[in-house]
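[1] Requesting a structural model of the entry that follows:
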Amino acid sequence: MAVRESRPGRVLLQALRLPANMGVEVGLDGPAPPPPPYHWLPSRIRHAPSRRRGGLAGSFCAQRALNGAGYAGTARIKAETDRPASWPPGWTGSIGWADAGAVAVAAPLEPGHWVGVDLSTPLTELQRRWLEPLLAQHGELEVLTRRSTECVSLLYSAKEALQRALQPLLGEIIDYQAIRCIRMDADWLWFVIEQPLGPDWPSGRPIRVRYVSAPGWVLTVATNLQQAD
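    Take a look at the predicted model:
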């Protein structure tokens, strides 16, 4: 995948099965020989200290996603690792970033709407060994290995997207073990709630997560906004 400023929003809306009133922005760096990290960013962000660059990239994408969804205000979005971003009144969205780039989605807020997004790169062997017991329940990885060689990275990204989607509604971060992946097809990961999360989130409730992947990254979106099949 060549370095690009960003993919056209309409193309991603179609690829991710997102409704037309959502804004989406993704910036990704290309494969070997690798360009400078976050090559697609404005120079003022690209030259920021590396520990801050991911959050700044996420904020940059969030602003563009908001504008793409029709927001015309002046509020600035700040992406932070330890808390959800604060969106302008009447709007909602989600932000994620990794070594490969950053992603954000935004949409007008309606009661009960939820959306979470994640961008992940392949896990190292050490990360997989540490994360797998915390992340995966019995049989989950077997569901994914039929279609993906990076099944731990994909499962991690999908559950991160679900955590970000549900945290604003539940007031807490759900445990990885509270949701189980039961099926995977060419476009979707299908989950079921294993542990009740509240009156509206009983055990057995199904949830699906859209994914798009390429060598070096996987992008996942969890939302109850209307999606085209």
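
[2] Would you mind confirming that R183 is in contact with L144?
    No - counting by Cβ atoms under 8 Å, R183 stays clear of L144, with 9.7 Å between them. For the C-beta atoms, the positions are set from N, CA and C on the backbone; glycine is no exception.

[3] more crowded one of these two?
    L144 (21 against 13; other Cβ atoms under 10 Å).

[4] what about that one, helix or strand, and which?
    helix 140-145 (DSSP states H and E).

[5] got a list of what G93 touches?
    23, 62, 65-66, 69, 77, 85, 87, 104-107, 115 (Cβ atoms under 8 Å, 6 or more residues apart in numbering).

[6] Distance of it relative to P168?
    As judged by Cβ to Cβ, to the nearest Å, G93 and P168 stand 10 Å apart.

[7] and V152, that one's in a strand?
    No - V152 sits outside any strand when classified using DSSP: H, G, I helix; E, B strand; the rest coil, being helix.

[8] Skipping adjacent residues, who's closest to it in space?
    Spatial nearest neighbour of V152, excluding adjacent residues (Cβ to Cβ, 6 or more residues apart in numbering): R128 at 4.9 Å.

[9] Equivalent analysis for Q195, please.
    Leaving aside its sequence neighbours, Q195 sits nearest to A178 (Cβ to Cβ, 6+ apart; 4.3 Å).
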